[in-house]
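> quick one, what's the 3D model for this:
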Amino acid sequence: MFALISYIFKIIISLGAGYVIGYNSDKESTSSLQFYTSVNSLLMASVIAIFSYEDNNIVPAIIFLGINHTLLANFFNDSILDKFKLIFSSICGLLIGLGFIFHAILITLLFSYIINNYDIISDLITSSNSKNEDEYKNELDLNDEEM
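Okay, here's the model as predicted:
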């Protein structure tokens with residue numbers, strides 16, 4: 001009975017994690033990616049939870065690769081961030097199916113924060129790199145003037 005209750009909680013948590021991963025804060029995009037990440041996480045968690053009771057480690061790996069290949073083949077024209085979201089939703093489903101629920105929740109929150117603020121983070125990284133290049137050029141110019 002306890003196994004059934006834990007299986008139900010795994011399914012509910014995997015749906016929530018898939019929804020959070022597929023969330024897009026941009027109001028203008030009308031993508032159905034949220035549905036696909038939720039379904040992907042649900043499939044991975046449910047199938048892996050069933051096959052993880054046995055000591056057969058190759059079956060979850062084959063299922064993981066099969067579901068990922070099928071979904072990524074259908075999303076061939078979408079952006080790389082959407083593909084990362086799909087891959088990460090299946091990884092979270094795998095973690096939840098194996099029983100690492102709290103780890104999956106923490107990683108889901110971290111990944112969704114990074115993806116939803118990707119433009120801000122990339123601007124910070126590129127601006128710090130350009131400042132370093134400018135400082136290096138200024139040092140070279142000073143060295144040339146001293147001679």
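> so how far is I5 from the most centrally placed residue in the chain?
Centroid-nearest residue in the chain: F88, 3.0 Å away (criterion: Cα atoms, centre = their mean). From F88 across to I5, the span is 27 Å (Cβ to Cβ, to the nearest Å). Every C-beta, even on glycine, is put in place using the N, C-alpha and C of the backbone.
> next: L33.
Taking Cβ to Cβ, one finds L33 at 31 Å from I5.
> wait, T37 sits on I91?
No: using Cβ atoms under 8 Å as the test, T37 is too far from I91 to be in contact (11.2 Å).
> of those two, who's got more company?
Between T37 and I91, counted using other Cβ atoms under 10 Å, the more crowded position is T37 (28 against 20).
> and that one, what pLDDT?
The model reports T37 with a pLDDT of 83.
> wait, what's in contact with it?
18-19, 21-22, 85-86, 89 (Cβ atoms under 8 Å, 6 or more residues apart in numbering).
> for the helix or strand containing L106, the distance to its chain's centre please.
Per DSSP states H and E: L106 is located in helix 101-116. Averaged C-alpha coordinates place helix 101-116 at 8 Å from its chain's average position (Cα atoms, centre = their mean, to the nearest Å).
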